[in-house]
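K.L.:
What follows is a predicted protein model with its sequence.
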Amino acid sequence: MAGSRLDLIDPPAGRLLVVGARPGDVAGLDPARVTIAQGFRPDHDALAAAGFTVAPSITDRAEAAVVVMPRARAEARARVVAAAAVLPVGAPLWIDGQKTDGIDAMLRDLRALVLVEDVQSRAHGKIFRLTVPEGDWLPADWAARETVVDGFVTRPGVFSADGPDPASVLLAAHLPERMPSRVVDLGAGWGWLAAQVLARPGVQVVHLVEADHTALDCARRNVTDPRAQFHWADATRFRLPEPVNGVVMNPPFHAGRAADPQLGAQFIRAAAGLLTGAGRLWMVAKRHLPYEPVLAESSAEVAEIGGDSRFKLLSATGAGQRRSAGIRPAAGRAKGRR
């Protein structure tokens, strides 16, 4: 992709580890000698299809490594620690990132700790190299640390790592007292919403579907109810052998830093493909996002069931039956208000 700078590196012979690379980052690298740590399922699968050895986390030692910077500072630091831990002393370690993802701050931080060389700028970002020194050269607080919020474990880089997302809290408060027997939580994150569903009567199984491997690992620890089933999967493509009668979701609406309403639309279409005709979807979204027409494409009944100035709560049933009438507004909310 346009922002990739990995063609600027000259790694030594042997295994090259690339942490956090996306499909467009590794064009020109030899799949036969590259191992990629990528925990986001769509990217993981695309890289594997291109012939690379891919794992959701770092598993083996290497002779050199590249860390591709994520947006979250704590996650970026944890990636550097994890990559350095599998390299021998004297091995090269490259750090690559966009300015908007904090590459300049990372460069300053590492220059205070170790000699940094070969700084190169291109495509609104930088890549630079350091040589792994002896000893414990990285600060102890750079390693990935868990956060515990009201008994729920999160880790750096997962969505809403500091606590339940306000939109999910709002959705949980408006779910019916008795839930359907078979429920899917699309984009389950670290499991908070699924836990609220499981606390209601009527539930026999909840499928937690999450593309972020780290978030799903947290969910496995947070949701220990035997009725929970966990799926590391692309929610937009997820299917089950048999349909379910309930879906809950707080779909993402950003791809990287850019707003992408189409991502939420893909979640809606996936939900419709999972539901029985009598099943029901409950979802929460930013108030300005135009999801009602997408819901109406695949559901016979669509209604706004609540919300506030920031979020709207939508419900849909009759999957597979296109709606021809308008959207029923929430009680007390004027028609047409968004």
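P.N.:
Thanks, I have the structure now. Given the structure is predicted, the values throughout are model-derived calculations rather than measurements.

K.L.:
Tell me who's in contact with Ala82.
P.N.:
If a contact means Cβ atoms under 8 Å, 6 or more residues apart in numbering, then Ala82 has Val19, Ser57, Ile58, Ala144 as its contacts. To be clear about C-beta, it is placed using only N, CA and C from the backbone, and glycine gets the same treatment.

K.L.:
What is the burial count for Leu140?
P.N.:
I think there's a mix-up here, since residue 140 is Ala and not Leu. Here the number of neighbours of Ala140 (other Cβ atoms under 10 Å) works out to 8.

K.L.:
what does Pro56 give?
P.N.:
Pro56: 17 surrounding residues under other Cβ under 10 Å.

K.L.:
And Pro88, by the same measure?
P.N.:
Residues near Pro88, counting by other Cβ under 10 Å: 11.

K.L.:
which residues touch it?
P.N.:
Going by Cβ under 8 Å, 6+ apart, Pro88 touches Arg61, Glu63, Val132.

K.L.:
What subset of the residues you listed is buried?
P.N.:
Using 16 or more other Cβ atoms under 10 Å as the burial test, the contacts of Pro88 include Glu63, Val132 as buried.

K.L.:
Let me have the contacts of Pro88 in JSON lines, extended by pLDDT, distance to Asp212 and secondary structure.
P.N.:
As requested, those are exported to JSON lines (pLDDT from 0 to 100; distance: Cβ to Cβ, whole Å; DSSP: H, G, I helix; E, B strand; the rest coil):
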{"residue": "Arg61", "pLDDT": "97", "distance to Asp212": "25", "secondary structure": "coil"}
{"residue": "Glu63", "pLDDT": "98", "distance to Asp212": "29", "secondary structure": "coil"}
{"residue": "Val132", "pLDDT": "98", "distance to Asp212": "28", "secondary structure": "coil"}
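
K.L.:
what packs against the lengthiest strand in the chain?
P.N.:
Longest strand in the chain by number of residues (criterion: DSSP state E): strand 275-286. Counting contacts by 3 or more Cβ pairs under 8 Å, 6 or more residues apart in numbering; DSSP states H and E, strand 275-286 is packed against helix 166-174, strand 244-249, helix 261-274, strand 299-307, strand 311-319.

K.L.:
So which of those is the most surrounded?
P.N.:
strand 244-249 (a mean of 24; mean count of other Cβ atoms under 10 Å).

K.L.:
For that one, give the mean pLDDT please.
P.N.:
Averaging pLDDT along strand 244-249 gives 98.

K.L.:
do the same with stretch 262-277
P.N.:
In the prediction, stretch 262-277 has an average pLDDT of 95.

K.L.:
Run the chain-centre distance for it.
P.N.:
18 Å (Cα atoms, centre = their mean, to the nearest Å).

K.L.:
List the residues that contact the most centrally placed residue in the chain.
P.N.:
Central residue of the chain (Cα atoms, centre = their mean): Asp212, 4.3 Å from the mean position. Neighbour list for Asp212: Gly39, Phe40, Arg41, Val158, Phe159, Gly189 [criterion: Cβ under 8 Å, 6+ apart].

K.L.:
ok, now with 7 Å
P.N.:
Residues in contact with Asp212 (Cβ atoms under 7 Å, 6 or more residues apart in numbering) are Gly39, Phe40, Val158.

K.L.:
closest to Thr224 among these?
P.N.:
Val158 (18.2 Å; Cβ to Cβ).

K.L.:
Please look at that closest one and Leu216 and confirm they touch.
P.N.:
No: if you go by Cβ atoms under 7 Å, Val158 and Leu216 don't touch, sitting 9.3 Å apart.

K.L.:
Low-confidence ranges, the stretch 151-300 of the chain, go.
P.N.:
Within the stretch 151-300 of the chain, the stretches with pLDDT under 70 are 254-259.

K.L.:
give me the number of residues near Ala221?
P.N.:
Quick fix: residue 221 is Arg, not Ala. Other residues close to Arg221 by other Cβ under 10 Å number 12.

K.L.:
That one: which element?
P.N.:
helix 213-222 (DSSP states H and E).

K.L.:
what's in contact with that helix?
P.N.:
39, 56, 152-155, 157-159, 188-191, 195, 208, 210, 230, 232.

K.L.:
list the contacts for the closest residue to Gln204 other than its chain neighbours?
P.N.:
Nearest in space to Gln204, with sequence neighbours left out and distances taken as Cβ to Cβ, 6 or more residues apart in numbering, is Ser181 at 4.4 Å. By Cβ under 7 Å, 6+ apart, Ser181 lies in contact with Gly202, Val203, Gln204, Asn245.

K.L.:
can you put the residues you listed in CSV and add distance to Asn222 and secondary structure?
P.N.:
CSV is the format used below for those (distance: Cβ to Cβ, whole Å; DSSP: H, G, I helix; E, B strand; the rest coil):
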residue, distance to Asn222, secondary structure
Gly202, 21, coil
Val203, 16, coil
Gln204, 20, coil
Asn245, 24, strand
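
K.L.:
ok, these vs Leu107, which is closest?
P.N.:
Looking across these and measuring by Cβ to Cβ, the closest to Leu107 is Val203, at 49.4 Å.

K.L.:
Settle this for me: the closest one is touching Val197, isn't it.
P.N.:
Yes: using Cβ under 7 Å, Val203 is in contact with Val197, at 6.1 Å.
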